[in-house]
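Visitor: Sequence first, predicted coordinates after that:
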Amino acid sequence: MKTNLAHLALVLALPVTAFAQEKSSQAFSPTELTQRTLQRRGIEAVIWGMPAVNAELMFQAMKTASADFNQVLYWSRPINWKD
């Protein structure tokens, strides 16, 4: 059974690999490269910025509850969108 599944996965992956190699061998125009770079940078900014924004929002919620840096705040109920 494991051999059949591995064989099926290999057979299904071959066309995808061939397509990826075919696409990567094509040259992109400078406009396409610029667009792809901007899209990638936008995605990376969101991924890397989310923890900083979350930390700031949690600190603001702690300030509302009269807490400060280096203090532990115990939430008596589950955190929701308001926190």
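Guide: In hand now; what should we look at? Numbers count the residues shown, from 1 in each chain.
Visitor: Could you use CA atoms for every contact and neighbour count after this?
Guide: Fine.
Visitor: Pass me the low-pLDDT residue ranges in the chain, would you?
Guide: 1-25, 83 (pLDDT under 70).
Visitor: Name the residues of the longest helix belonging to the chain that are buried.
Guide: Longest helix in the chain by number of residues (criterion: DSSP state H): helix 30-64. Neighbour-count burial for helix 30-64, counted by 16 or more other Cα atoms under 10 Å, picks out 59, 62.
Visitor: Which strands or helices does it pack on?
Guide: Counting contacts by 3 or more Cα pairs under 8 Å, 6 or more residues apart in numbering; DSSP states H and E, helix 30-64 packs against no other helix or strand.
Visitor: Renumber starting at 770 from here on
Guide: Taking 770 as the first residue, the last one we looked at is helix 799-833.
Visitor: ok, residue 819 to residue 799 distance?
Guide: Relative to residue 799, residue 819 is positioned 30 Å away (Cα to Cα, to the nearest Å).
Visitor: repeat for residue 807
Guide: On the measure of Cα to Cα, residue 807 and residue 799 end up 12 Å apart.
Visitor: With just CA atoms, put stretch 826-843 into CSV.
Guide: The C-alpha coordinates for stretch 826-843 follow below in CSV (Å, rounded to 0.1, in the frame of the first residue of the first chain):
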residue,chain,number,x,y,z
LEU,A,826,-1.6,45.9,20.4
MET,A,827,-1.1,43.6,23.4
PHE,A,828,0.9,46.4,25.2
GLN,A,829,-1.9,48.9,24.5
ALA,A,830,-4.4,46.4,26.0
MET,A,831,-2.2,46.0,29.0
LYS,A,832,-1.9,49.8,29.4
THR,A,833,-5.7,50.0,29.4
ALA,A,834,-5.7,47.4,32.2
SER,A,835,-3.2,49.6,34.2
ALA,A,836,-0.1,47.4,33.5
ASP,A,837,3.4,48.4,32.4
PHE,A,838,6.5,46.8,31.0
ASN,A,839,8.0,43.9,32.9
GLN,A,840,4.7,43.1,34.5
VAL,A,841,2.6,40.0,34.0
LEU,A,842,-1.0,40.6,33.3
TYR,A,843,-3.4,37.7,34.0
